[in-house]
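# how would this look folded up:
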Amino acid sequence: MIELRNLTKSYNVRGQRKMVADRLTQRFPPRTAVAILGRNGAGKSSLLKMISGAMEPDRGEVRIRGTVSWPVGFSGSFHPELTGLQNIRFIGRVYGVDTDELVEFVEDFAELGGHFRMPVRTYSSGMRSRLAFGASMGIHFDTYLIDEITAVGDASFKAKSEAVIRARLEQAGAIFVSHALPQVRRLCSEGAVLEEGKLFYYKDVRDAIAHHKEIMKAGPDEE
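Take a look at the predicted model:
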């Protein structure tokens with residue numbers, strides 16, 4: 001369970017104060033996939049960073065019960081001189097999971113072949129993304145933080161990626177930031193819209209999508 005209590009965050013943009021979280025108070029229920037929608041620049045990614053602990057709010061707090069993932073697919077923490085295998089073993093030790101099981105899962109999932117045992121600095125951006133996504137999904141959390149994750153690869157790999165997310169969500173919750181409305185409909189049951197620092201929460205994700213589309217002038221679904 002994740003609870004925001006008077007969470008406040010603003011930035012100075014071209015000499016003006018931009019509010020992205022204005023005293024937000026909201027409880028995200030356990031084992032529920034919640035979509036966070038809103039226009040570009042509304043502060044959705046900043047909100048996710050505050051929940052993950054990567055960014056400090058100006059005021060207020062985030063209370064967490066259970067385990068919360070780092071943003072799914074984030075590859076910025078990989079050591080470039082270590083191999084994919086070594087990076088995954090390190091992550092497994094940090095999170096206290098069976099490193100052999102994690103390595104087996106990621107090696108099979110990421111489909112990197114021999115590159116799995118090569119330094120990460122030799123990877124393309126797509127290979128890094130697949131390694132990072134595999135690492136995120138290879139550890140079981142109570143809540144997954146998912147920020148605009150788009151699986152890299154062919155249709156088969158993308159289908160496999162969504163399938164593993166669905167499998168995790170059978171036993172866990174998620175806070176899902178995305179503009180891809182078809183994917184939001186498939187994966188989330190509840191939703192919220194972040195607009196001008198305010199969070200409008202809906203128990204039915206379809207109502208959140210309708211609010212979002214109204215803000216975006218009822219444009220077509222983004223794929």
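
# what stretches of the protein score poorly on pLDDT?
149-153, 218-223 (pLDDT under 70).

# what helix or strand is the residue most central in space within it on?
Geometric centre of the chain, nearest residue: Ile146, 1.3 Å, by Cα atoms, centre = their mean. In this assignment (DSSP states H and E), Ile146 forms part of strand 143-147.

# could you point out which element follows that strand?
Using DSSP H and E, the helix or strand that follows strand 143-147 towards the C-terminus is helix 155-169.

# which neighbouring elements make contact with the helix or strand following that following helix?
With elements assigned by DSSP H and E, the helix or strand that comes after helix 155-169 is strand 173-177. On a contact count with 3 or more Cβ pairs under 8 Å, 6 or more residues apart in numbering; DSSP states H and E, strand 173-177 meets strand 33-37, helix 44-52, strand 143-147, helix 181-187. Bear in mind the C-beta positions are built from the backbone N, C-alpha and C, glycine included.

# other SSEs contacting the strand holding Ile146?
Under the contact criterion of 3+ Cβ pairs under 8 Å, 6+ apart, strand 143-147 touches helix 44-52, strand 68-72, helix 155-169, strand 173-177.

# give me the contact list for the longest one.
By Cβ atoms under 8 Å, 6 or more residues apart in numbering, the surrounding residues in contact with helix 155-169 are 33, 109, 111, 130, 133, 137, 140-141, 144, 146, 151, 153, 174, 183, 186-187.

# mind listing what's buried along it?
Buried residues in helix 155-169, counted by 16 or more other Cβ atoms under 10 Å: Ser161, Val164, Ile165, Arg168, Leu169.
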